[in-house]
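K.L.:
Quick one: sequence plus predicted model below, questions after.
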Amino acid sequence: MTHLILSRLTKTFGRETALDDVSLSVAPGERVALLGHNGAGKSTLMKIVLGLIPADAGRVEVLGAPPGSPQARAQVAYLPENAAFHPALTGEEQMGLYLRLRGQSPRDARPLLDRVGLGSAATRRIGTYSKGMRQRVGLAQALIGRPRLLILDEPTSGLDPVSRREFYAILDDLAADGAAILLSSHALTEVEARTDRIAILSRGVVVADDTLAGLRRNAALPTRMQIAARPGAADEVAEALQAGGRNGVTVDLVCAADEKLDRLGRIAALGPLVEDVEILPPSLKDIYDHYSRREAK
Ligand SMILES: Nc1ncnc2c1ncn2[C@@H]1O[C@H](COP(=O)(O)OP(=O)(O)OP(=O)(O)O)[C@@H](O)[C@H]1O
């Protein structure tokens, strides 16, 4: 069973179309990133999945049940963008509170905090935690009751690369245990690490839904090459390759994705005139901009 199915979802607020014919699914064990600019519709989509607001049209299935139904709620966890905790409570006390609210023993607080790497800070007040640590409290809270679908709203924004990696490592374990994960973000650089699929929302429309490799391939953006010429040979190299840019001994070349091998062949044919070649593939930002600029289909 696919854990989350959205089919032809539409939601408007007055004259504002927040979601326009959105279809998306997340299978067990899959980590899907939902990317989009401010106002693209990410939070609206999540609120519909959680059953907090209704869609105008379309179908939503959360673990085979309607969103917000007791069956769905029992198996769905949510981490809001700015999860707030009581600063005077320790991590353990705060988790104990959440556990009691879910009808579970507060004794489970410690193992949950251990799981997100907060075991050693469990008895410290949350007011003294860093942003990364507070995000982990949020994740620990989301893990209560072994949810099968996790909805995480910008969980990695503001985290440093190490915290982000550790966060993804926890998500890896959850996915390996069969949970489906949908997380939102503004930036491809933040989710590139370890998600299985990336869906890009632009003005309420899904403009791309693919693996990062697939997005890269389909965007077919130009590749840059920096060719280090032998001292004194830059002009000759630039001319032979009909390259525009030149910076000292380095010749810059921009070519279409499908011309890359041909260009490399020509560079290799220059033999000793060339000392080195650096290939700079399109950046994640270039790829994201390519899709998010694309008009709705
Ligand atoms: N309750 C509401 N009333 C009116 N308009 C709303 C409401 N909620 C969302 N919108 C509008 O719907 C659109 C999508 O908003 P949404 O919050 O889903 O975007 P988002 O992708 O989550 O943005 P952000 O990254 O800034 O959180 C926006 O144009 C927003 O102004």
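P.N.:
On my side now, so go ahead.
K.L.:
what about the closest residue to the ligand within the stretch 101-250 of the chain, how many neighbours?
P.N.:
Closest residue of the stretch 101-250 of the chain to the ligand, CB to the nearest ligand atom: H186 (6.1 Å). Backbone N, C-alpha and C define where each C-beta goes, glycine included. Neighbour count of H186, defined by other CB atoms under 10 Å: 16.
K.L.:
That one against E154, yeah?
P.N.:
Yes - at 7.2 Å, H186 and E154 qualify as touching, with contact defined as CB atoms under 8 Å.
K.L.:
thinking again about what came up before, contacting residues for the residue of the stretch 101-250 of the chain closest to the ligand?
P.N.:
L35, G36, H37, N38, E154, S157 (CB atoms under 8 Å, 6 or more residues apart in numbering).
K.L.:
what does A234 give?
P.N.:
R246, G248, V249, T250, V251.
K.L.:
Okay, now the sheet partners of the one helix or strand the first one maps to, with direction.
P.N.:
Just to be clear, that refers to R246. Assigned by DSSP states H and E, R246 falls within strand 245-247. Strand pairing for strand 245-247, determined by DSSP bridges: strand 250-255 (antiparallel).
K.L.:
immediately after the partner strand, which helix or strand?
P.N.:
As assigned by DSSP H and E, the chain's next helix or strand after strand 250-255 is helix 260-269.
K.L.:
Can you mark which positions in the following helix or strand past that next one are buried?
P.N.:
Counting by DSSP H and E, the element after helix 260-269 in chain order, helix or strand, is strand 274-280. Buried positions in strand 274-280, judged by neighbour count with 16 or more other CB atoms under 10 Å: V274.
K.L.:
Centre of the chain to strand 274-280, how far?
P.N.:
31 Å (CA atoms, centre = their mean, to the nearest Å).
K.L.:
now for that strand, which elements pack on it?
P.N.:
Counting contacts by 3 or more CB pairs under 8 Å, 6 or more residues apart in numbering; DSSP states H and E, strand 274-280 packs against strand 223-229, helix 260-269.
K.L.:
mind putting these in CSV, mean neighbour count included?
P.N.:
Putting those into CSV (neighbours: other CB atoms under 10 Å) gives the following:
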stretch, mean neighbour count
strand 223-229, 19
helix 260-269, 14
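K.L.:
can you put these in CSV and add distance to L112 and mean pLDDT?
P.N.:
Shown next, in CSV, are the helices and strands packed on strand 274-280 (distance: least, CB to CB, whole Å; pLDDT from 0 to 100):
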stretch, distance to L112, mean pLDDT
strand 223-229, 46, 91
helix 260-269, 48, 92
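K.L.:
that older thread, tell me, what's touching H186 and E154 both at once?
P.N.:
What both H186 and E154 touch, as defined by CB under 8 Å, 6+ apart, is an empty set.
K.L.:
L182 belongs to a helix?
P.N.:
No - going by DSSP: H, G, I helix; E, B strand; the rest coil, the assignment for L182 is strand, not a helix.
K.L.:
in terms of contact, does it touch P155 like I think?
P.N.:
No - the criterion here is CB under 8 Å, and L182 misses it with P155 at 10.7 Å.
K.L.:
Tell me the confidence at L183?
P.N.:
Per-residue pLDDT puts L183 at 95.
K.L.:
what are the bridge partners for it, then?
P.N.:
L183 forms beta bridges with A33, L152, as assigned by DSSP bridges.
K.L.:
My guess is it contacts L152. True?
P.N.:
Yes - in this structure, L183 is within contact of L152 by CB under 8 Å, at 4.0 Å.
K.L.:
in the protein, which spans are helices?
P.N.:
42-50, 70-75, 91-101, 109-115, 131-142, 161-176, 188-191, 212-219, 234-241, 260-269, 284-293 (DSSP state H).
K.L.:
got the ones you listed as JSON lines, with distance to V206 columns?
P.N.:
Shown next, in JSON lines, are those (distance: least, CB to CB, whole Å):
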{"stretch": "helix 42-50", "distance to V206": "10"}
{"stretch": "helix 70-75", "distance to V206": "22"}
{"stretch": "helix 91-101", "distance to V206": "33"}
{"stretch": "helix 109-115", "distance to V206": "33"}
{"stretch": "helix 131-142", "distance to V206": "25"}
{"stretch": "helix 161-176", "distance to V206": "22"}
{"stretch": "helix 188-191", "distance to V206": "15"}
{"stretch": "helix 212-219", "distance to V206": "13"}
{"stretch": "helix 234-241", "distance to V206": "40"}
{"stretch": "helix 260-269", "distance to V206": "29"}
{"stretch": "helix 284-293", "distance to V206": "10"}
